[in-house]
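K.L.:
coordinates only, no sequence provided:
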C-alpha cells in the first residue's frame, strides 16, 4: 500500500509493552465494530491491541491479522509517521489531531484519504498504556473540493473571457463614436449589440448558472450532506456548461475580430512612396480572374505619374471592397454590366478616384444608409453590411480623404474618393 502522512515527532523511551486485545463489554464491542469511522488502540510499542473493521480498509488486512502485530508489519508505509506520533503522545501526554493520511491499497486503483485523531489511553493510575486512534475517511470530500476548485477556476476563466469580449466590443464602439465618421452611430451600436449579444449573453447566463450550482454544492459539502449522485450530476452539468461556454466564446471572439477590421485605425506602419496608377493596375490584376463568370467588364483609366506618399495596403483594400460590392449588389440576377475606374490628379495636392458602374443603382433610402455599418439589402445572401463601411473608414481615417456617392435607380452608381498625395502620419 502506498501512503503519505503529514506529521513528525521525536523519540523517547517507551513504557512497558501491553500485549493482547483490551477486553470490552459486548455492547461496547458492538458499537466499536459498527462505528462509521475507523477505530483502533495501539500499544506504546505500536502494536494493534484493538481495531474495528472500518479501519482495516486502510490496508486491506483483516481484524484478526492486525491484533498483536506492529504497525510496521501491517502498514509499513505509515510506520515511521505513526511511531513519531506515538512517541510524541507518550512524551507529552497531549493528543494529536487532524493528521491527514493518503493511501492506495494494492487491490484498489483509486487513492483514498483519511483524517486521523490520536488520544492517550490511561489506566486508573493515570499512566498511558495505549493510544486511541480514530480515522475518518474524507475521500469524497477531497474529490469534491478538487472538483469545486477546478470548476471555480473554469468559471473565472469563462467570466474573464466574456468580460474581455464585452470590453473589446466597447472599445470598438468608442473608437467609431470618437472618429465621428458617420451620423448613424446609434445604428452601429445596435448592430454590434445584435451580433455580440447572443454568444456573450449566453455565456454569462451559463457562467452565472454554474456559479449558483457551485454554491449549492459547497453548502452541501460544508454540511456533510454531499451525495455521490449529486457530485456525479454536478460533474455532468459542469462538462456541458464548459462546452457551451467554449463554443459561445469562440463565436464571440470571431465576431470581435471582424469588428476590429471594421474599426480600422490609423496605425499602419507601411507608409511609402508609390505610383498610384501602377498600384491601381496591380490591384485590378488580382480582380480580373473570374470576371467572365460574372459577365462584368472592368475598365481602368489611370493618369500616369501620380506619386503618392501613403498606404498601399489600405488603398488596395478600398478598391477590392468597392469592386466586390458592385459585383454583389449592382448586377443582380446574373445581369452583366460595366465597371469603370478612373484615377487622375485633383489640384496640386490631391488625387481623385472615380469608381462607377451601370448597374441597378440605389434609391434615396438605400443611398442614405450605404456607408452605415451592418446595413445591407442582401442579408438573405449572407452579406453583413460591412463592405462600404470599411471603405468609408479606411478612406476617412487611414488615408485622410473624403468620399461621396451618387446613384439613382436603374442609372448606376458612382463613388468619388478624394485623397491627399501625402497621407496623414499614423498615430
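P.N.:
All right, it came through fine. These figures come from a predicted structure and were not determined experimentally.

K.L.:
going forward, measure contacts between C-alpha atoms and count neighbours the same way
P.N.:
Fine.

K.L.:
per-residue confidence for residue 256?
P.N.:
If you check residue 256, the pLDDT there is 63.

K.L.:
phi and psi next, for residue 51.
P.N.:
phi -160, psi 140 (degrees, to the nearest 10).

K.L.:
same check, this time on residue 115
P.N.:
Per degrees, to the nearest 10, the backbone of residue 115 is at phi -110, psi 130.

K.L.:
residues near it, how many?
P.N.:
17 (other CA atoms under 10 Å).

K.L.:
surely it and residue 99 touch.
P.N.:
Yes. Under the criterion of CA atoms under 8 Å, residue 115 makes contact with residue 99 at 5.5 Å.

K.L.:
tell me if residue 355 really is in a helix.
P.N.:
No. Under DSSP: H, G, I helix; E, B strand; the rest coil, residue 355 sits outside any helix and is assigned strand.

K.L.:
now it: how far from residue 75?
P.N.:
From residue 355 across to residue 75, the span is 88 Å (CA to CA, to the nearest Å).

K.L.:
can you check residue 201 too?
P.N.:
55 Å.

K.L.:
and the two? Which one has more around it.
P.N.:
Set residue 201 next to residue 75 and count neighbours by other CA under 10 Å: residue 75 wins out with 19 against 14.

K.L.:
show me the helices in the stretch 1-150 of the chain, by range?
P.N.:
26-34, 53-56, 63-66, 71-74, 76-92, 139-179 (DSSP state H, counting those that start in this stretch).

K.L.:
nope, the stretch 251-400 of the chain is what I was after
P.N.:
With DSSP H, counting those that start in this stretch as the criterion, the stretch 251-400 of the chain has helices spanning 276-287, 291-294, 312-325, 364-369, 387-393.

K.L.:
okay, the angle between the first one and helix 312-325?
P.N.:
Comparing the axes of helix 276-287 and helix 312-325 via axes from the mean of the first three to the mean of the last three CA atoms, to 10 degrees yields an angle of 50 degrees.

K.L.:
which residue ranges make up each domain of this protein?
P.N.:
Listed domain ranges for the chain are 2-137, 141-262, 272-420 (source: automatic domain parsing).

K.L.:
lowest mean pLDDT across the ones you listed, which one is that?
P.N.:
domain 141-262 (a mean of 73).

K.L.:
look up how far residue 210 lies from the most centrally placed residue in the chain.
P.N.:
With distances taken as CA atoms, centre = their mean, residue 158 lies nearest the centre of the chain, 4.4 Å away. As judged by CA to CA, residue 158 and residue 210 stand 11 Å apart.

K.L.:
and residue 110, by the same measure?
P.N.:
Counting by CA to CA, the gap from residue 110 to residue 210 is 28 Å.

K.L.:
look up phi and psi at residue 227.
P.N.:
Dihedral angles for residue 227 - degrees, to the nearest 10 - are phi -100, psi 150.

K.L.:
and if you look at residue 197?
P.N.:
phi -60, psi -40.

K.L.:
how much space separates it from residue 354?
P.N.:
As judged by CA to CA, residue 197 and residue 354 stand 38 Å apart.

K.L.:
more neighbours: which of the two?
P.N.:
Neighbour count, other CA under 10 Å: between residue 197 and residue 354, residue 354 has more, with 18 against 15.

K.L.:
who's the more buried one bridged to?
P.N.:
Partner residues in beta bridges with residue 354, using DSSP bridges, are residue 342, residue 416.
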